[in-house]
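> Fold the following for me, if possible:
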Amino acid sequence: MEYFVNCNTASLAPYAPPLDRTRVEHLFRRLGFSASVDRVNQAVGQSANALVDTLISEALTMPPQAAPTWATWTRANYPADDDAAGQEIRSQRETWRLDYTRGLLTNNLRDRMSFFWSNHFVTEIDIYEGPAFLYEYTNCLQRNALGNFKTFVSEIGLTNAMLFYLDGAYNNGQNPNENYARELYELFTLGEGNGYTEDDIIETARSLSGYTNRGEVRWTPVTFDPTEHDTGSKTILGQTGNWGYDDTIDVLFAQRPNEIAEFICRKLYEYFVHPDSMDATGNAQTIISGMAATFLANNFEIAPVLSQLFKSEHFFDDNAIGVIIKSPFDLYLNFINESNFTYTDTTLSFAMDSSALLGQEVFDPIDVAGWQRDRTWINTNFIIGRWLTMEVLIEGFFQNNPDQFRTLAMDAVGPADSNTSNPDTVTRALVDKFLPKGLLTEQDFQNALSVFKIEDVPENYYGSDYTPGGLGLWMLAVSPEVPQQVFLLLMYLSRQPEFQLK
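Here you go, the predicted model:
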């Protein structure tokens, strides 16, 4: 299925003008899971250079999630009864996923990147099961999210989640298992068929052997057993030696640096800028090549590549805004942040459960290739599910506290119009807040305005700047109908095609 055509011809040159509201919102939607009106207001007028530096610095210095009490638990820490132990395991996993989702709402770039990498270095929790392994895996993602990619590759391959998921824990020198070796090249560093052979996979499996000292899956961490390692000579990517795990990573990055840089920068581009990196003009490839050059010049450090991209004219070009389809997590978390509505653990659990129903369960992608993103999120079944679950989410916020809908509208229009009598002003502010490029046509906007105005408010109650001879009896800050009007408008907007974009 084809994506939107990528018409972005802007360069990687730094974006010079002060950031307007549209571009600040664009930045927060892509680098995190969006932001409240207040946070956007604070950033409007800043330079891309200053704002991106702040976000990257926050991400680099942010500590990982604190270790839970069960981070190093083994079988001895759980109830002897298997059913009771299983129940506690499920509770710990869900609590950790809830804590992680809460972090996605608040940690911006660090956890946006950890979320990205969880769909690159894929594992599935249902395979390895253990909460302690989940913590170790999450910790690895967060510590390395903007760090050194070579270090990241080395560390992620020795997490228990990965060793059990891709059968590294069953790779002994007498009977090599090739699963992890294959995905190391095909999915994690080079791309399918790009610079390696089947013989390289076979030889790499031998070099990675030995991490087989284990007990039960879910309980016992894997350790290296030298008696299970193949100590013979191996030839990997043209290099021959008695290679082990660390040697393999060294050989890979020394022999295929250009292929690694190109592959990873393409994935970053397609995730953060546009799903189509194979544009007709070839400009996207020029951008990716520039990013790859930066990656190589900085010895595979991730942060400099992100800094270059997020400060660029290319990233802030009109053709980069509103061209990516929201994932389920984007759909719910962006709305929670943009509305600034009060949420609870129940709200986040609903968002997590709804995302899972729509094909995106955190720490449990569909397969080793991960979620394929973009148009896969809006097939016939999923689009209806997106509509219905968003309506339930919005209804829940309204039932909990209707007046926060008035607060949202007042924040959106700004202090100068906080008590406006013009429904056009309010509708336009909310449309612009939740839709990255507004509605497609003026008629679409008029339809949204009609939903907002509701029959309970007579036309002549609006101010004279909207209705000639209007009485101005309806006022945003005080009229009792406002929360319902904002609620109905958000329900309407949540079903518009433009709402599905970021």
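
> show me the residues around Gln308 that make contact.
Gln308 makes contact with Leu12, Gly290, Met291, Thr294, according to Cβ atoms under 8 Å, 6 or more residues apart in numbering. Heads up, the C-betas are built off the backbone N, CA and C, glycines and all.

> at 6 Å instead, please
Thr294 (Cβ atoms under 6 Å, 6 or more residues apart in numbering).

> sec struct for it, please.
Secondary structure assignment for Gln308 (DSSP: H, G, I helix; E, B strand; the rest coil): helix.

> For Ala48, see how far away it is.
Distance check for Gln308 against Ala48: by Cβ to Cβ, to the nearest Å, it reads 11 Å.

> cool, Phe224 as well?
The value you get for Phe224 to Ala48, if Cβ to Cβ is used, is 46 Å.

> Between those two, tell me which one has more neighbours.
Ala48 (22 against 14; other Cβ atoms under 10 Å).

> Check what pLDDT that one gets.
Note for Ala48: predicted pLDDT of 98.

> how much space between Tyr128 and Phe121?
13 Å.

> ok, these two, which is more surrounded?
More neighbours surround Phe121 than the other of Tyr128 and Phe121, with 27 against 22 (other Cβ under 10 Å).

> my read: that one touches Glu155, true?
No: here Phe121 lies out of contact with Glu155, judged by Cβ atoms under 6 Å, at a distance of 9.8 Å.

> now Leu12, what's its secondary structure?
Here Leu12 takes the coil state, with states given by three-state DSSP.

> Report the separation between it and Glu313.
Leu12 is 7 Å from Glu313, by Cβ to Cβ.

> Domains in this protein, by residue range?
For the chain, automatic domain parsing gives the domain ranges 328-400, 403-500.

> Distance to Thr74, mean neighbour count and mean pLDDT added to those domains, as CSV?
Formatted as CSV, these follow (distance: least, Cβ to Cβ, whole Å; neighbours: other Cβ atoms under 10 Å; pLDDT from 0 to 100):
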stretch, distance to Thr74, mean neighbour count, mean pLDDT
domain 328-400, 21, 18, 95
domain 403-500, 45, 18, 97
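
> Any figure for the gap between the most far-flung residue of the chain relative to its centre and Ile394?
The centre of the chain is farthest from one residue, Gly469, which by Cα atoms, centre = their mean lies 49.6 Å away. Going from Gly469 to Ile394 by Cβ to Cβ gives 35 Å.

> cool, and Ile89?
Ile89 is 34 Å from Ile394, by Cβ to Cβ.

> Ok, Ile378 next?
Using Cβ to Cβ, Ile378 is found at 19 Å from Ile394.

> Next: Arg386.
From Arg386 to Ile394 the distance is 12 Å (Cβ to Cβ).

> Where does pLDDT dip in the stretch 151-300 of the chain?
214-216, 279-280 (pLDDT under 70).

> now with 90?
Applying pLDDT under 90 to the stretch 151-300 of the chain flags residues 213-220, 278-283.

> where exactly do the helices run in it?
160-165, 179-183, 198-207, 245-255, 257-272, 283-297 (DSSP state H, counting those that start in this stretch).

> Give the buried residues for the last one.
The neighbour-count check on helix 283-297 (16 or more other Cβ atoms under 10 Å) flags Asn283, Ala284, Ile287, Ile288, Ser289, Gly290, Met291, Ala292, Ala293, Thr294, Phe295, Leu296 as buried.

> Looking at those residues, which is nearest Tyr78?
Phe295 (43.3 Å; Cβ to Cβ).

> isn't that closest one right next to Ala261, touching?
Yes: judged on Cβ under 6 Å, Phe295 makes contact with Ala261 at a distance of 4.4 Å.

> hmm, back to that, I'd like the helices of the stretch 151-300 of the chain as TSV, with distance to Leu146 appended.
TSV is the format used below for these (distance: least, Cβ to Cβ, whole Å):
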stretch	distance to Leu146
helix 160-165	20
helix 179-183	23
helix 198-207	27
helix 245-255	18
helix 257-272	11
helix 283-297	13
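
> quick one: which of these is nearest Asn334?
Per Cβ to Cβ, nearest to Asn334 of these: helix 257-272, 14.9 Å.

> List the buried residues in the closest one.
Buried-residue list, helix 257-272, by 16+ other Cβ under 10 Å: 257, 259-272.

> Stretch 31-45 too?
Leu31, Gly32, Phe33, Ser34, Ala35, Ser36, Val37, Arg39, Val40, Ala43.

> So the fifth one sits against Leu27, correct?
No: with the criterion set as Cβ under 6 Å, Ala35 and Leu27 do not qualify as a contacting pair; they are 8.9 Å apart.

> Now the common contact residues for those two.
Residues touching both Ala35 and Leu27 by Cβ under 6 Å, 6+ apart: none at all.

> Would you check how far apart the residue nearest to Asn401 when sequence neighbours are not counted and Gly396 are?
With Cβ to Cβ, 6 or more residues apart in numbering as the criterion, Asn401 has its nearest non-adjacent residue at 6.3 Å, and that residue is Thr342. Using Cβ to Cβ, we find Thr342 at a distance of 11 Å from Gly396.

> Check the offset of the strand or helix carrying Glu338 from the chain's centre.
Glu338 belongs to helix 328-339 when assigned by DSSP states H and E. Put simply, helix 328-339 sits 11 Å off its chain's centre (Cα atoms, centre = their mean, to the nearest Å).

> do stretch 312-327 as well
Computed by Cα atoms, centre = their mean, the chain-centroid distance of stretch 312-327 equals 15 Å.

> mind saving the C-alpha coords of that stretch as PDB?
In PDB, the C-alpha atoms belonging to stretch 312-327 read as follows (Å, rounded to 0.1, in the frame of the first residue of the first chain):
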ATOM      1  CA  SER A 312      16.700  21.200  10.200                       C
ATOM      2  CA  GLU A 313      14.700  23.000   7.600                       C
ATOM      3  CA  HIS A 314      13.700  19.600   6.400                       C
ATOM      4  CA  PHE A 315      12.100  18.600   9.700                       C
ATOM      5  CA  PHE A 316      10.100  21.800  10.000                       C
ATOM      6  CA  ASP A 317       9.100  22.000   6.400                       C
ATOM      7  CA  ASP A 318       5.300  22.200   5.800                       C
ATOM      8  CA  ASN A 319       5.500  18.900   3.900                       C
ATOM      9  CA  ALA A 320       6.800  17.200   7.100                       C
ATOM     10  CA  ILE A 321       3.800  18.300   9.200                       C
ATOM     11  CA  GLY A 322       0.800  16.000   9.600                       C
ATOM     12  CA  VAL A 323       2.000  13.300   7.300                       C
ATOM     13  CA  ILE A 324       2.400  10.400   9.700                       C
ATOM     14  CA  ILE A 325      -0.500   8.400  10.900                       C
ATOM     15  CA  LYS A 326      -0.800   8.100  14.700                       C
ATOM     16  CA  SER A 327      -0.100   4.800  16.300                       C
END
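
> which among the buried residues of helix 283-297 gets closest to Ala448?
Ala284 (33.4 Å).

> Tell me how far that closest one lies from Ser11.
For Ala284, the distance to Ser11 - Cβ to Cβ - is 12 Å.

> just Val392 next, same as before
44 Å.

> list the helices and strands the host helix or strand of Gly103 packs on?
Element membership for Gly103, per DSSP H and E: helix 82-106. Counting by 3 or more Cβ pairs under 6 Å, 6 or more residues apart in numbering; DSSP states H and E, the packing neighbours recorded for helix 82-106 are helix 131-144, helix 345-357.

> Now with 10 Å, please.
On a contact count with 3 or more Cβ pairs under 10 Å, 6 or more residues apart in numbering; DSSP states H and E, helix 82-106 meets helix 109-118, helix 125-128, helix 131-144, helix 328-339, helix 345-357.

> Thanks again, I'm all set now.
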